[in-house]
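Q: any chance you could fold what I've pasted below:
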Amino acid sequence: MLHEESAEEYEKQEGRLAMDNVTAVFEFFLIGISNYPEWRGTFFTFILIVYLSTMLGNGFIIFLIHFDPHLHTPMYFFLSNLSFLDLCYGTASMPQALVHCFSTHPYLSYSRCLTQMSVSLTLATAECLLLAVMAYDRVVAISNPLRYSVVMNGPVCVWLAATSWGTSILLSVILVSSLRLQFCGANVINHFVCEILSLIRLACSDTSLNELMIFTTGIFTLLLPFGFVLLSYVRIVAAVLRIRSAQGRLKAFSTCGSHLTVVTIFYGAAISMYIKPKSKSSPNQDKFISVFYGALTPMLNPLIYSLRNKDVKGAIRKFMVKRA
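A: The predicted model follows:
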């Protein structure tokens, strides 16, 4: 009897120790670029240039669309949404990567980690959906130009943008609130920021449900929108081929090619991270892939979608004349 009581007491103590280990993680150590110390200066300079370019480029596009009444059209409404989204997306991760680049103790509290992860998930999902909406807008404009203003009227544009934002917020809340992770003392994240896959890798509890939810969400927010974008561009290319002017076709193909390149970089990088078997996952590889959709795409979007556009160039000239 005494032996049984001692065994029960030992099990209780062991359980308390296990719980102590589970709840011991209150902050995370972000490896970032610290495992490549020789690249710190280069990486810092690169991210700084990308971040400043993202802020200036997207901020200027938002201002220009607001400034020029001729840009108050559905296409530029969605572009202003994309620019605002990219401003937020870049700010959610790049300043932290810069601060931690030369930090000897790049720690992040558990609450800040979850907050940053939630914000980044929301913004990335919103961009996936918004790019698909923008492709739909272009298809309507090219395939049915006479009814474009009727189909893509103000309320419809607001509804499409609001649906993209609302769906992304809902999915992010579901994914983050479903995390019931036990870390058992592990707190080293091999990433520049708090990222959901990197966080799940630390867990010592069963994460199969979380992984299934991420994979399923990835299908609806990455594969399906990307497939829709590709089909949209097939229709756009078919319409371009009907243009009689060789110069017009060349210009249209150049624009479509630029758009499709940026879209492919964004979706392709994200798909390579989230839609693949766990056995093929590499933390070092994934964190550098994330730079493509988390840093490069927000910088390239205003250059590709806006600054090469003749309407935007005209608005810039008007703005410069008024400033002179």
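Q: all strands of the protein, in order?
A: 27-30, 107-109, 188-189 (DSSP state E).
Q: in the second one, what's buried?
A: Buried residues in strand 107-109, defined by neighbour count with 16 or more other Cβ atoms under 10 Å: residue 108. Backbone N, C-alpha and C define where each C-beta goes, glycine included.
Q: residues in contact with that strand?
A: 26, 27, 28, 29, 30, 96, 116, 194 (Cβ atoms under 8 Å, 6 or more residues apart in numbering).
Q: next: stretch 222-238.
A: Contacts of stretch 222-238 (Cβ under 8 Å, 6+ apart): 128-129, 131-132, 135-136, 138-139, 142-143, 253, 256, 259-260, 263, 267, 270-271, 274-275.
Q: from what I see, residue 31 and residue 195 are in contact.
A: No: the pair residue 31 / residue 195 is not scored as a contact, 11.8 Å apart, by Cβ atoms under 8 Å.
Q: shared neighbours of those two, anything?
A: Any residue near both residue 31 and residue 195 by Cβ under 8 Å, 6+ apart counts here, and that gives residue 189.
Q: out of those two, which sits in the busier spot?
A: residue 195 (25 against 19; other Cβ atoms under 10 Å).
Q: contacting residues for the more buried one?
A: So residue 195 contacts 117, 120, 189, 286, 287, 290 (Cβ under 8 Å, 6+ apart).
Q: export the strands of the chain as a markdown table, with columns for mean pLDDT and distance to residue 240.
A: As requested, these are exported to a markdown table (pLDDT from 0 to 100; distance: least, Cβ to Cβ, whole Å):
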| stretch | mean pLDDT | distance to residue 240 |
| --- | --- | --- |
| strand 27-30 | 80 | 46 |
| strand 107-109 | 79 | 47 |
| strand 188-189 | 80 | 45 |
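Q: switch the ones you listed over to a markdown table; also include distance to residue 40.
A: Output for the strands of the chain, formatted as a markdown table (distance: least, Cβ to Cβ, whole Å):
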| stretch | distance to residue 40 |
| --- | --- |
| strand 27-30 | 14 |
| strand 107-109 | 18 |
| strand 188-189 | 18 |
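Q: report the contact partners of residue 218.
A: The contact partners of residue 218, by Cβ under 8 Å, 6+ apart, come to 270, 271, 274, 275.
Q: residue 155: which of the strands of the chain is closest?
A: strand 107-109 (41.4 Å; Cβ to Cβ).
Q: for the most centrally placed residue in the chain, give me the pLDDT.
A: Nearest residue to the geometric centre of the chain (Cα atoms, centre = their mean): residue 124, 2.6 Å. Per-residue confidence (pLDDT) for residue 124: 91.
Q: residue 298 is in contact with that one, correct?
A: No: Residue 124 is not in contact with residue 298 according to Cβ under 8 Å; the separation is 10.5 Å.
Q: pull up the overlap in contacts between those two.
A: Joint contacts of residue 124 and residue 298 (Cβ under 8 Å, 6+ apart) are residue 89.
Q: ok, which stretches of the chain are helices?
A: Using DSSP state H, the helices found in the chain span residues 2-22, 40-67, 74-101, 110-143, 148-151, 154-177, 196-202, 208-218, 224-240, 246-274, 283-291, 297-301, 310-323.
Q: wait, which of those helices is closest to residue 184?
A: Nearest of the helices of the chain (Cβ to Cβ): helix 2-22, 4.9 Å.
Q: mean confidence for the closest one?
A: 41.
Q: any idea how far residue 171 is from the residue nearest to the centre of the chain?
A: From residue 124 over to residue 171 the distance is 10 Å, taken as Cβ to Cβ, to the nearest Å.
Q: got it, and residue 37?
A: Distance, residue 37 to residue 171, using Cβ to Cβ: 37 Å.
Q: ok, now residue 67?
A: According to Cβ to Cβ, residue 67 and residue 171 sit 34 Å apart.
Q: pick out whichever of the two has more residues nearby.
A: residue 171 (19 against 14).
Q: OK, contacts around the more buried one?
A: Residue 171 neighbours (Cβ under 8 Å, 6+ apart): 121, 125, 217, 221.
Q: next up, the contacts around the last one.
A: Neighbouring residues of residue 221 by Cβ under 8 Å, 6+ apart: 125, 128, 129, 168, 171.
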